[in-house]
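Undergrad: Need a 3D model of the sequence below.
(one chain, ligands or ions: 1)
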Amino acid sequence: MRESDYLDCLGDHELLIQSPGRINLIGEHTDYNKGYCLPAAIRQSLFLGISEAPAMKFRALDTGDDWGYGNQQRPHWMVYLQGVIDFLAAQGIKVPPFEMEFGGTLPMGAGLSSSSSLTCGFIFGINQLMCLDLPTETLTAWAVQAERASGLMGGMMDQISIFNGRKKEALLIDCSDWSFKYYPVDIPGFSWLIADTGVKHKLVDSDYNNRSLACTGILRTMQLNGFAGASISELPIHELSQWESHLSEEDFPLLSYVLEENKRVLTFAENLTAHQVNELGQLLLEGHAGLRDQYRVSCAELDFMVEFAEQFEGVMGARMMGGGFGGSTLHLLKEDAKQDYQHAISKAYFKKFDKEAKIFEAELEDGVRRIH
Ligand code: GLA
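TA: Predicted coordinates for the structure are as follows:
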């Protein structure tokens, strides 16, 4: 279904909400380490139609599965919706019964934050439906908490960008205090492409939480040995080598990756403003190498796409995006190389993995909004 089909299907509901997905230009696995990241909301979105009803009912238009209509098996996405309802109940807010149908152009499990898009859209919708008047900062913080019910020890990058996204702009987030600044992303003559490997990643079943736990362990070891910071991101990069002997062979590369990635984010933002596309491409490639070799969250399909990008004329750089273990890659390339590149990478990917890669342009758009 296309965007307009969702709008038609859901048009009769009292409330119609558009909740986008997100990309991340750079700064991966830094958010829960209180570092920096540079995400943006995208055009691909979920649409949520909500109306008051005698009993709670939920339906996913794309898969046809539902909850509250008599179905015996609870759909997996209910964990996010129930997470919001339970979290609000714990705050003393009892959500009245209503019906919600949703679906959209945002692919699930593609590293574009479909679960946060659903959670954020839902809490935003309840805020409207119940006229709660909660400010965006509160909705963001609550969406982060509610999503933890799924078991993922995620950060706040997805929710901040989904709530605060702006057309053609990315947000440089300082995850130590959740503050952010907008950076224009449009570079004349260049495009950003997203290539979905089709390797579905369900982060909660991956090593994502183990990386997050390992970083907490690293911080504890450092603190026990005299480090006064409250997060590993506070360690000045020139002091990195002092900690090598305190950490295991697996843990030290995690620490060095996080510090280097934080630095890359700040350099990237400067180069974005100055339209320094060669530097941007190089930083994307370095970020990917760090995720592959130091943080170890890549996979063969993601690596293949990035290696392909590296040797293709007109492509400045590429990297895996999001939590990893599957999902999508992000590519910066010359506008006039776009068609050839799309064709070539799809063909090569299919030949290698016998799978279709879904490729589309990253159009940066506004964050969650009410359509009516
Ligand atoms: C997932 C999480 C985010 C972030 C990224 C990795 O998308 O939801 O909070 O940690 O992985 O950068």
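
Undergrad: From now on I want contacts and neighbour counts done on CA atoms only, so please keep to that.
TA: Fine.

Undergrad: what residues does this structure put near the ligand?
TA: Taking Cα under 6 Å from any ligand atom as the test, the list of the chain residues beside the ligand reads 28, 29, 31, 113, 154, 155, 156, 157, 158, 322, 323.

Undergrad: switch to 8 Å and redo it
TA: 24, 27-32, 37, 111-113, 116, 152-158, 203, 208, 321-324 (Cα under 8 Å from any ligand atom).

Undergrad: Looking at the residues you listed, which are in helices?
TA: Secondary-structure check on the residues of the chain next to the ligand using DSSP state H: residues within helices are 116, 157, 158, 208.

Undergrad: got the residues you listed as CSV, with neighbour count and pLDDT columns?
TA: Supplementary listing: those in CSV, determined by neighbours: other Cα atoms under 10 Å; pLDDT from 0 to 100:
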residue, neighbour count, pLDDT
116, 25, 98
157, 32, 98
158, 28, 98
208, 20, 95
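
Undergrad: Give me the PyMOL select line for the residues of the chain next to the ligand, limited to the buried ones.
TA: The command below creates a PyMOL selection of those among the residues of the chain next to the ligand that count as buried (16 or more other Cα atoms under 10 Å):
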select buried, resi 24+27+28+29+30+31+32+37+111+112+113+116+152+153+154+155+156+157+158+203+208+321+322+323+324
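
Undergrad: residue boundaries of the helices in this protein?
TA: Defined through DSSP H, the helices belonging to the chain, from first to last, are 3-10, 78-90, 114-129, 136-147, 157-164, 208-224, 251-273, 277-289, 300-310, 338-353.

Undergrad: okay, those helices, which one's buried deepest?
TA: Among the helices of the chain, ranked by average contacts under mean count of other Cα atoms under 10 Å, first place goes to helix 157-164 (a mean of 28).

Undergrad: quick check: angle from that helix to helix 136-147?
TA: Inter-element angle recorded for helix 157-164 and helix 136-147: 140 degrees (by axes from the mean of the first three to the mean of the last three Cα atoms, to 10 degrees).

Undergrad: roughly how far is helix 157-164 from the heart of the chain?
TA: The offset between the C-alpha centroid of helix 157-164 and the centroid of the whole chain comes to 8 Å, using Cα atoms, centre = their mean, to the nearest Å.

Undergrad: So which elements touch it?
TA: Helices and strands in packing contact with helix 157-164 are listed as strand 15-24, strand 39-52, helix 114-129, helix 136-147; criterion 3 or more Cα pairs under 8 Å, 6 or more residues apart in numbering; DSSP states H and E.

Undergrad: ok, the shortest one: who's next to it in the sheet?
TA: Looking back up the chat, that one is strand 15-24. Here the strand partners of strand 15-24, with direction, are listed using DSSP bridges: strand 39-52 (antiparallel), strand 369-370 (antiparallel).

Undergrad: I'd like those strands as TSV, with distance to residue 293, mean pLDDT and mean neighbour count appended.
TA: As requested, the strands paired with strand 15-24 are arranged in TSV below (distance: least, Cα to Cα, whole Å; pLDDT from 0 to 100; neighbours: other Cα atoms under 10 Å):
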stretch	distance to residue 293	mean pLDDT	mean neighbour count
strand 39-52	22	98	26
strand 369-370	39	98	16
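
Undergrad: Save the ones you listed as JSON lines, and put in distance to residue 133 too.
TA: Putting those into JSON lines (distance: least, Cα to Cα, whole Å) gives the following:
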{"stretch": "strand 39-52", "distance to residue 133": "17"}
{"stretch": "strand 369-370", "distance to residue 133": "14"}
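
Undergrad: Of these, which is nearest residue 183?
TA: Counting by Cα to Cα, residue 183 lies closest to strand 39-52 out of the strands paired with strand 15-24; the figure is 9.7 Å.

Undergrad: how does the protein divide into domains?
TA: Domain segmentation of the chain under automatic domain parsing yields 3-184+365-370, 190-361.

Undergrad: End to end on the first one, go ahead and measure it.
TA: The reference is to domain 3-184+365-370. Here the two ends of domain 3-184+365-370 are set 15 Å apart, with distance taken as Cα to Cα, to the nearest Å.

Undergrad: Same check on stretch 22-32?
TA: Terminal residues of stretch 22-32 are spaced 17 Å apart (Cα to Cα).

Undergrad: hmm, who's touching it?
TA: Around stretch 22-32, the neighbours that count as contacts under Cα atoms under 8 Å, 6 or more residues apart in numbering are 36-42, 112-113, 154-158, 161-162, 175, 212, 258, 261-262, 264-265, 268, 284, 287, 291, 321-323, 330, 362.
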